[in-house]
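*Asks:* The following comprises the amino acid sequence and a computationally predicted model.
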Amino acid sequence: MKIIIAEDEKRASRGLRNLLTMLSADAEVVAEATDGRQAFDLIKALKPDVVFTDIRMPFMDGISLIKAVRGYGMNVKFVIISAYEEFEYARQAISLGVVDYLVKPVTLDEAKEVWKRITEEKKSESSGKGVCGKLRDDYSEAHPLVQKALDMIECGYAVRISQKDMAEKLGISAEYFSFLFSRDVKENFSRFLRRYRIEKAKKLLNTGEVPRDQIPYSVGFSDPKYFYKCFKEETGVNITEYNRAKH
């Protein structure tokens, strides 16, 4: 499994490399970056499976790095290693689908637990679960650009996505993208994205994988109150009523 470490402290980077290579023969550290911008370039070039990144780095911090990679459409797993145990960073990490947020110094037991989670997720993906590209199967007749947009929604619904940004990534105008999407999906982009996110929220409620108060951030909502409003509009019930109906 290819790994990139983004850490501006050389001693910390070397220590993490040694820790990871101790855990498994499958762990291959292919590059180390000392700033976020360099890390972004390396990620694009080397396409790693996992990136371990510090929060505070020169030129581009860890959160900005993850957002940039998600926006680029790459399905890379991230683990944050930080000297700061701050709620805002942890909240953003959850919303970006980060595997874990670890506070330095990382213990061997913590590293083992994270590596176990990463390998389990990779096995799940290789068996066909959670791989981006399944959503487009529901719209096999859609324009290729619409199918690319569906891939980006499937991989990046947990982060901020706008119609304008999507159109720019696809190299077309927002107006033309809106036309194509509405024509082929039979629903406008904003409405489709909101409904898709609520479906993901329902699955998280059903499985209990994420604490209830973190679910809004996990599916791409920055405002919990707006999430609860959307949830009721989409399902016809509030979260308490939804949970009660499951039992």
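*Replies:* On my side now, so go ahead. Numbering: from 1, shown residues only.
*Asks:* CA only for contacts and neighbour counts going forward, please
*Replies:* OK.
*Asks:* Give the next helix or strand downstream of whatever helix or strand A39 lives in.
*Replies:* Secondary structure assignment for A39, by DSSP states H and E: helix 36-46. Past helix 36-46, further along toward the C-terminus, the next helix or strand under DSSP H and E is strand 50-54.
*Asks:* Starting from that next one, tell me which strands it pairs with and how they run.
*Replies:* strand 2-6 (parallel), strand 77-82 (parallel) (DSSP bridges).
*Asks:* May I have the last one exported as CSV, CA atoms only?
*Replies:* This file holds the C-alpha atoms of strand 77-82, laid out as CSV (Å, rounded to 0.1, in the frame of the first residue of the first chain):
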residue,chain,number,x,y,z
LYS,A,77,-7.4,8.0,2.4
PHE,A,78,-6.1,10.6,4.9
VAL,A,79,-4.9,10.3,8.5
ILE,A,80,-4.2,13.5,10.3
ILE,A,81,-1.3,13.6,12.7
SER,A,82,-1.4,16.8,14.8
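*Asks:* Now that strand: buried residues?
*Replies:* By neighbour count with 16 or more other Cα atoms under 10 Å, strand 77-82 contains the buried residues 77-82.
*Asks:* For the spatially most central residue of the chain, list the residues it contacts.
*Replies:* Relative to the mean C-alpha position of the chain, the nearest C-alpha, by Cα atoms, centre = their mean, is the one of G97, at 3.5 Å. Listed by Cα atoms under 8 Å, 6 or more residues apart in numbering, the contact set of G97 reads 78, 158, 218.
*Asks:* That concludes my questions; thank you for your assistance.
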